[in-house]
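>>> Could you work out the structure for the sequence below:
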Amino acid sequence: MKIKILFGIAFWTLLLLGACNRDDITFESPSQLLRFSTDTVFCDTVYNQMRSETYAVKVYNNEDKDVLIPKIALEGGNSSLYRINVDGKTGTSFQNVALRKKDSLYVFVEIAPVANAPEAIAEDKVVFNTPAGEQKVTLFSVVQDAEYFIQTGDNPVTINENTTWTNEKVKVIFGNLNVAEGKTLTMEKGTKVYFRKNSGMNFMKNSGLTVNGALGEEVIFRGDRSDTKYDTLPANWNGIKMEEGSLLKMNYARVFGGNVGLQLKKNDATINNSIFHTFQNIGIYAIHSSQFTANNVVMNNCGEADLAIASGGTYNLNYCTLANYWNLNPSMSALGIYASNVYQSGDELIAGNPILNVNNSIIYGDIPDMISYSKTEGGSFTANINNSLLKISSNAGFTPIGQNIIKNEDPKFQNYFTQKMNLRVKSDSPARGKGVGTNNVTAIDIAGNPRTGPLTIGAYQ
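Below is the predicted model:
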């Protein structure tokens, strides 16, 4: 009993001492301006009625005394599209916020807007009122109106009629979106298609995808996190799959940031003036495509390969630039083109004889052999390469045939890093003046420049 009494006395003594210590803290009015980690918060582009990620502003007290900030509030008040969190509480206005000497606190910011136009700017300010003066941190975000396609349970959303998408609203896809057998989805210039993590599009047999982008108004396929840091991060979405008999016509598209950008299977595809970059596995995977043609196409930064072809089919590249400087996982192959004469479909091994025709193109990157051929018994691979620059060694496993092949010379890209990704070549590049002939698409390069005079190989004149 005596021990219990002594313990109780000690407990209450410590509690009182702690209370006295807290009471001893006095908070004064700031006599100096506060300091902030930033004066402007650029929030991710957000979509109608969809909450953004949370951003943080750090507020510093540089004084040798504990201060009480009289007021921290959103300038827009309750009508603001933004909400802030101060000291664990969410709202638009806070009074008498304590900040210890030489310490800091976080103000967390998020936005959940309602769009009243296809695209608008949402701006507000966090206002800090102290006797030392009024200070403001600007909040800035682009708000886009959006149409949502949301899979519930195991049933994907399906487009069952011929449909045209325009640039009036961003298309945001959660889960899988199907285009029904025999139906065509058309995307007009400036259309933006954004995907949540692990989301994608599937085109059923004999369906179609027509992409009608334009220079400066490309059709965009990417993950829904549009903060610029995600421009160079892969695996933000799955990809686009097209089944047997489907038809792809793509002009001026930009496809990036997923796992496998485009998977084609026993179908025809024409891709013009488009860019594929930053995929965890493959930019374009074409399986036994009867006719695949790419004109003025740029590819870069894909973990396994920019382009992979399997089983049979004919694959034509004209004035294309396939670079690969993947540096996110050194164990991955980072090829320009991977070719195999077989495709595994369940338990069945489907063999073929793929034919690759490369004209006026650049295939270059970090590894010694930018084209790799995986051969099995009973198949063959033909690589016809003309007027092109290719990085290849004597161990490639196949011999390209053709004329005017420039082997293993640095094309001298202006900036091959994906953050800048300027795959135009410098004035002293060996790719200058080596092009021969054009077709109705490649008479103008991907940037809209006419190909006249000495022709530069690759997608840029």
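
>>> Quick check, Ser372 in contact with Tyr338.
Yes. With contact defined as C-beta atoms under 8 Å, Ser372 counts as touching Tyr338 (5.2 Å). Quick note: C-beta positions are derived from backbone N, CA and C, even for glycine.

>>> Spatially central residue for this structure, please.
Nearest to the mean C-alpha position of the chain, counting by C-alpha atoms, centre = their mean, stands Gly257 at 3.4 Å.

>>> Gln291 versus Tyr319, what's the distance?
For Tyr319, the distance to Gln291 equals 18 Å [C-beta to C-beta, to the nearest Å].

>>> next one: Ala431
27 Å.

>>> coming back round to it: in terms of neighbours, single out the busier of Tyr319 and Gln291.
Higher neighbour count among Tyr319 and Gln291: Tyr319, with 32 against 12, using other C-beta atoms under 10 Å.

>>> ok, the nearest residue to that one once chain neighbours are set aside - contacts?
Leaving out its chain neighbours, the residue that sits closest to Tyr319 by C-beta to C-beta, 6 or more residues apart in numbering is Thr442, at 4.4 Å. By C-beta atoms under 8 Å, 6 or more residues apart in numbering, Thr442 lies in contact with Asn295, Asn296, Asn318, Tyr319, Asn360, Arg451.

>>> now do 7 Å
Neighbouring residues of Thr442 by C-beta atoms under 7 Å, 6 or more residues apart in numbering: Asn295, Asn296, Asn318, Tyr319, Arg451.

>>> just Val142 next, same as before
For Val142, the contact set (C-beta under 7 Å, 6+ apart) comprises Thr45, Glu119, Ile121.

>>> Please flag which of those sit within strands.
Judged by DSSP state E, the subset of the contacts of Val142 located in strands is Glu119, Ile121.

>>> Just the buried residues of the contacts of Val142.
Neighbour-count burial (16 or more other C-beta atoms under 10 Å) is assigned, among the contacts of Val142, to Thr45.

>>> you'd agree Asn300 is up against Ile275?
No. Between Asn300 and Ile275 there is no contact under C-beta atoms under 7 Å: 8.2 Å.

>>> Settle it for me: which of those two has more neighbours?
Legend: neighbour count by other C-beta under 10 Å for Asn300 and Ile275, higher for Asn300 (26 against 21).

>>> What residues are bridge-paired with that one?
Listed beta-bridge partners, Asn300: His277 (assigned using DSSP bridges).

>>> tell me the contacts of the residue nearest to Gly213 when sequence neighbours are not counted?
Nearest non-adjacent residue to Gly213, counting by C-beta to C-beta, 6+ apart: Tyr252, 3.1 Å away. Applying C-beta under 7 Å, 6+ apart to Tyr252 gives the contacts Gly213, Ala214, Leu215, Glu218, Val219, Asn273, Ser274.

>>> ok, so what distance separates Tyr252 from Leu317?
For Tyr252, the distance to Leu317 - C-beta to C-beta - is 18 Å.

>>> Provide the backbone phi and psi angles at Asp231.
phi -60, psi -30 (degrees, to the nearest 10).

>>> quick one: contacts for it?
Contacts for Asp231 were tallied using C-beta under 7 Å, 6+ apart; they are Phe256, Gly257.

>>> How many residues are close by Asn206?
Asn206: 16 neighbours (other C-beta under 10 Å).

>>> Isn't Tyr416 up against Asn327?
No. Using C-beta under 7 Å as the test, Tyr416 is too far from Asn327 to be in contact (10.7 Å).

>>> Those two: who's more crowded?
More crowded of Tyr416 and Asn327, by other C-beta under 10 Å: Tyr416, with 20 against 11.

>>> So that one versus His277, what's the distance?
To His277, Tyr416 is 11 Å away according to C-beta to C-beta.

>>> ok, now Ser79?
With C-beta to C-beta as the criterion, Ser79 and His277 are 41 Å apart.

>>> Same drill for those two, tell me which one is more crowded.
Neighbours were counted for Ser79 and for His277 using other C-beta under 10 Å; His277 has more, 24 against 8.

>>> The more buried one contacts Asn301, correct?
Yes. With contact defined as C-beta under 7 Å, His277 reaches Asn301; the gap is 5.0 Å.
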